[in-house]
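S.K.: Turn this into a structure:
(2 chains)
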Amino acid sequence: MSTKTEVEREAKTEYIAFVAGGQSFCVHIKKIREIRSWTPTTILPFAEPHVLGVINLRGAVIPIIDLAAKLGFSKIKPTERHVIIIVAIDQRVTGLLVESVSEILSIQDGLVKDAPKSAEDDTSRAVDGIIPRETDMIKIVNLNALLATPDTKVANL
Amino acid sequence: MIADSAILDAFFEECEDLLSALTDGLSDMREGQTDSETVNAVFRAVHSIKGAAGAFSMDELVSFAHTFETVLDALRSDKLEPEENLLRVLQRAGDILADLVDHARNDTPAERDKVDPVLAELQGFLGDEAEEEEFVFEALTLDFGSVETLQSYRISFRPGPEFYATGNDPLLVLRALSELGPLEVNCDTSDLPETLDTFTATDGYLTWTAELHDQTSDLALREIFEFIEDLCALEIVALEQPEPDALAAFDPPAIDLSAMPEPGAAADAPVITDAPVEVAPPDPPKQSRKSTKASATLRVDPDRVDRLINAVGELIINQSVISQRIEEAGLPSSSDLLADLDDYKLLAREIQEGVMAIRAQPVKPLFQRMLRIAREAADATGKSVELVTEGETTEVDKIVVERLADPLTHMIRNAIDHGIETPEKRAEAGKEATGILRLRASQSSGSIVIQIIDDGAGLNRDRIHKIAIEKGLVSAQDTLSETEIDHLLFAPGFSTAAEVTNLSGRGVGMDVVKTAITELGGKIAISSITGQGTTFSITLPLSLAVMDGMVIGVNDQTMVVPIANILETIRPKADDLSKIGQKTDLLRIRGEYVPIVDLADRLGGVSEGKPLSQRVLLLIHNDSVVQYALAVDHIFDQRQVVLKSMVGNYGAIPGISGATILGDGKIALIVDPAFNFDAHLHPVTNSHVEDRQFVNQD
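M.R.: Residues are numbered from 1 along each chain as shown, chains lettered A, B, ... in the order given. Predicted coordinates for the structure are as follows:
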């Protein structure tokens, strides 16, 4: 468990940190439903390259997304050692394929830095904030921005 | 507003019912049924809404409802004639009332520019008397009432056990009565049992008889009993003659006495005849006002039903798994176990149908909304249109009702805006000035059919064709059949900004409608005859959860094709196969030639290359007309599958209408035969398609 000096009783938030595309990311712990090891998916035709297919999660059909690919890195070739993180945003449940899960972080809110708003690529849009550490910089992923589907239908007339 | 949202929710739910009853009643009245029962029902609906809204201090709603109610009261006491103009205003008022309820629900301010004109029209019917009488009474409601002389009422009130059980107190009732005017009360204790052993503390043995004087009407008085009417035996009778002294002793308010009708027979008659009628419990079929009354319907939280449906879905999957295991166990086919298994299948199916039926709702409320949309559209476009609904009692799943609202609205507005001609044009064409728009729902062999039929000018095919060419949807060289031109309306990107009118065409077109219908698992078709009219037909599956499917194999993938779309399965003979052009294979079947669509190919994969003669062809049909033959590798079996929603998880997948989970836990995608066919005719250039092997990642 990574600890910080807790002099002030400031509000803390918990995150789960993982590795994808060789880099460290984390996600707010409340968004995570479960963590599973990789199971083969059923391919969806005409899917974008980062969508690996769907799996049967206790009777529900859940799409699996290659997080590294979605963020612009190269695709992961999944094996049993890879991990799927099942996240839920509102009612939508999605699985994220990552290389490995590292730890649970408990970070004081004040220590989270804003992400530099530089290049307008997928990665920077999807990063909400940064947690600096001695050897590393963990990027907090904004799931809503990441998973917004480009073809959401406009059903309101 | 009160922060207790549970009570607010209950209020709005009741408003739905009351507004529905209101709309029904007003429609009846419009059709000439203006008897006192109908008018009373409408009056009571408005009155109830007003009363409850008052409890929540929804002032705008209350004040409008009040004027509305007053006009209705005047109508029901025959002070106003139910003529066309009044009925029209009343219907508009009903619409405005519904709007105000919506505003109250969303906590947005009312649109005064819509409300005020109607309010003014209502007040116009009341004349000057309305203004003056407002100041007169301290009764619970501002009460113009049907009787402008002072009445006395005898009230006989005997609470039953439920009265006490719900925490009511007769003393409060009597106090409230006494606040209305001079009151004399007597209590009849003769029913009290002699000894304590037969005495049940929770029972009601006391009857109060009260005489209340100096009332102008029974409105305020009845309000006191409004919520407890069913909990007690209540009788309210107007006493014969108002005492002359009472009139003289009463501090004369600023009423123009000469304008009052004569007291006595004319005014009394409606009151007295009404009173006994209203003693009986109010109109049961239309209203479910009292929560303590046993109602014919049950309010259920939709989430509970959904959970039940999911559980039943799992039950069916489980039954399928068991079937498979038993088959694998290789029992002799005459075994009892197999017979029991069949029973199990039937039972599971029955439970499922029962649960689905719970979610089924009549389309009536949806159609009622459309009536209003049609009225407004007709007004806005200056056309004369009558919307006729048929088959309102047809039942559809709740989701379908919700999701059909927007598409139907759009189509009705379109029909009125573009389909139906102006009265002048119609006269020129020899038609009646009023256009008829039919909204019809019916059931036909496992599907629901909803049709919108107008008797307007029909589709302007030349214009549609031209626009399609302009938009690059078809090339100028293509010759298209009439039906094909009609269906261009559904092409994405067809909707034209040039078509924006007051109503339709906010840049959203029929393609969105089609998407909405397709998402429900349905189909939409157009047929139109120039000069005579256009018909839109929407077909929707009866069941959203379960489907009969054929499980097939393609390139190591297992998929499901809906049985409803399959006419026949064929193992083709080499003689029946031929080619046309470079890419299209044809199958000869019963003298006709039908194109062959390679499923693997269509879905963006590369087929294994097995020759067609070694594959299985599924004849896909639409209304028994064969459209094409779908080539798959083999057929596994025919099975009932549970549709799993991929709701919100993913966008629409071309060619796939959903997914299901097979007995072994694997996911099988469900093919959408309609899409594949379109793709064949007008190839979709999909930038996402990679040329990759359509192979399972096992």
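S.K.: going forward, measure contacts and count neighbours with C-alpha atoms only.
M.R.: OK.
S.K.: mind checking the SS state of residue 25?
M.R.: With no chain named, the answer covers chain A. strand (DSSP: H, G, I helix; E, B strand; the rest coil).
S.K.: hm, I was asking about chain B
M.R.: Under three-state DSSP, residue B:25 comes out as helix.
S.K.: how far away is it from chain A?
M.R.: Distance of residue B:25 to chain A, computed by Cα to the nearest Cα, to the nearest Å: 30 Å.
S.K.: Tell me the buried residues in stretch B:388-407?
M.R.: By neighbour count on 16 or more other Cα atoms under 10 Å in any protein chain shown, the buried set for stretch B:388-407 is B:389-392, B:394-398, B:400-401, B:404, B:406-407.
S.K.: Would you format these as JSON lines with distance to residue B:556 and pLDDT included?
M.R.: Supplementary listing: the buried residues of stretch B:388-407 in JSON lines, determined by distance: Cα to Cα, whole Å; pLDDT from 0 to 100:
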{"residue": "B:389", "distance to residue B:556": "50", "pLDDT": "89"}
{"residue": "B:390", "distance to residue B:556": "48", "pLDDT": "90"}
{"residue": "B:391", "distance to residue B:556": "46", "pLDDT": "89"}
{"residue": "B:392", "distance to residue B:556": "47", "pLDDT": "86"}
{"residue": "B:394", "distance to residue B:556": "42", "pLDDT": "85"}
{"residue": "B:395", "distance to residue B:556": "40", "pLDDT": "83"}
{"residue": "B:396", "distance to residue B:556": "37", "pLDDT": "83"}
{"residue": "B:397", "distance to residue B:556": "35", "pLDDT": "79"}
{"residue": "B:398", "distance to residue B:556": "37", "pLDDT": "77"}
{"residue": "B:400", "distance to residue B:556": "35", "pLDDT": "82"}
{"residue": "B:401", "distance to residue B:556": "39", "pLDDT": "83"}
{"residue": "B:404", "distance to residue B:556": "38", "pLDDT": "87"}
{"residue": "B:406", "distance to residue B:556": "41", "pLDDT": "85"}
{"residue": "B:407", "distance to residue B:556": "39", "pLDDT": "88"}
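S.K.: So which of the residues you listed reach chain A?
M.R.: B:406, B:407 (Cα under 8 Å from any Cα of the partner chain).
S.K.: ok, so of the buried residues of stretch B:388-407, who is nearest chain A?
M.R.: Chain A lies nearest to residue B:406 out of the buried residues of stretch B:388-407, by Cα to the nearest Cα, at 6.2 Å.
S.K.: so when I look at that closest one, I'm seeing a helix, right?
M.R.: Yes. Under three-state DSSP, residue B:406 falls within a helix.
S.K.: on that earlier part again, make TSV from the buried residues of stretch B:388-407 and add secondary structure to it.
M.R.: Listed next are the buried residues of stretch B:388-407 as TSV, based on three-state DSSP:
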residue	secondary structure
B:389	strand
B:390	strand
B:391	coil
B:392	coil
B:394	coil
B:395	strand
B:396	strand
B:397	strand
B:398	helix
B:400	helix
B:401	helix
B:404	helix
B:406	helix
B:407	helix
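S.K.: Give the buried residues for the top helix by length along chain B.
M.R.: In chain B, with assignment by DSSP state H, the single longest helix is helix B:302-329. By 16+ other Cα under 10 Å, the buried positions in helix B:302-329 come out as B:309-310, B:312-321, B:323.
S.K.: Which ones among those also lie next to chain A?
M.R.: Within the buried residues of helix B:302-329, those near chain A by Cα under 8 Å from any Cα are residue B:314.
S.K.: helix/strand/coil for residue B:478?
M.R.: coil.
S.K.: Just after the least confident helix or strand in chain A by mean pLDDT, pick out the following helix or strand.
M.R.: Least confident helix or strand of chain A, by mean pLDDT, DSSP states H and E, is helix A:122-126 with a mean of 70. Once the chain leaves helix A:122-126, the next helix or strand it forms, by DSSP states H and E, is strand A:127-132.
S.K.: and that next one, C-alpha only, in CSV?
M.R.: Extracted as CSV, the C-alpha positions of strand A:127-132 are listed here (Å, rounded to 0.1, in the frame of the first residue of the first chain):
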residue,chain,number,x,y,z
VAL,A,127,-6.4,11.5,-18.8
ASP,A,128,-8.1,13.4,-16.0
GLY,A,129,-5.2,14.0,-13.7
ILE,A,130,-1.7,12.8,-12.7
ILE,A,131,-0.4,11.3,-9.5
PRO,A,132,3.3,12.0,-9.3
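S.K.: re earlier: columns pLDDT on top of the buried residues of helix B:302-329, output as JSON lines?
M.R.: Listed next are the buried residues of helix B:302-329 as JSON lines, based on pLDDT from 0 to 100:
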{"residue": "B:309", "pLDDT": "76"}
{"residue": "B:310", "pLDDT": "75"}
{"residue": "B:312", "pLDDT": "80"}
{"residue": "B:313", "pLDDT": "75"}
{"residue": "B:314", "pLDDT": "76"}
{"residue": "B:315", "pLDDT": "80"}
{"residue": "B:316", "pLDDT": "76"}
{"residue": "B:317", "pLDDT": "74"}
{"residue": "B:318", "pLDDT": "78"}
{"residue": "B:319", "pLDDT": "79"}
{"residue": "B:320", "pLDDT": "76"}
{"residue": "B:321", "pLDDT": "75"}
{"residue": "B:323", "pLDDT": "78"}
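S.K.: of the buried residues of helix B:302-329, closest to chain A?
M.R.: Distances from chain A to the buried residues of helix B:302-329, taken by Cα to the nearest Cα, are shortest for residue B:314, at 7.4 Å.
S.K.: What's the separation between the nearest residue to residue B:341 once chain neighbours are set aside and residue B:664?
M.R.: Spatial nearest neighbour of residue B:341, chain neighbours left out: residue B:323 (7.2 Å); criterion: Cα to Cα, 6 or more residues apart in numbering or on different chains. Going from residue B:323 to residue B:664 by Cα to Cα, to the nearest Å gives 11 Å.
S.K.: That'll do, ta.
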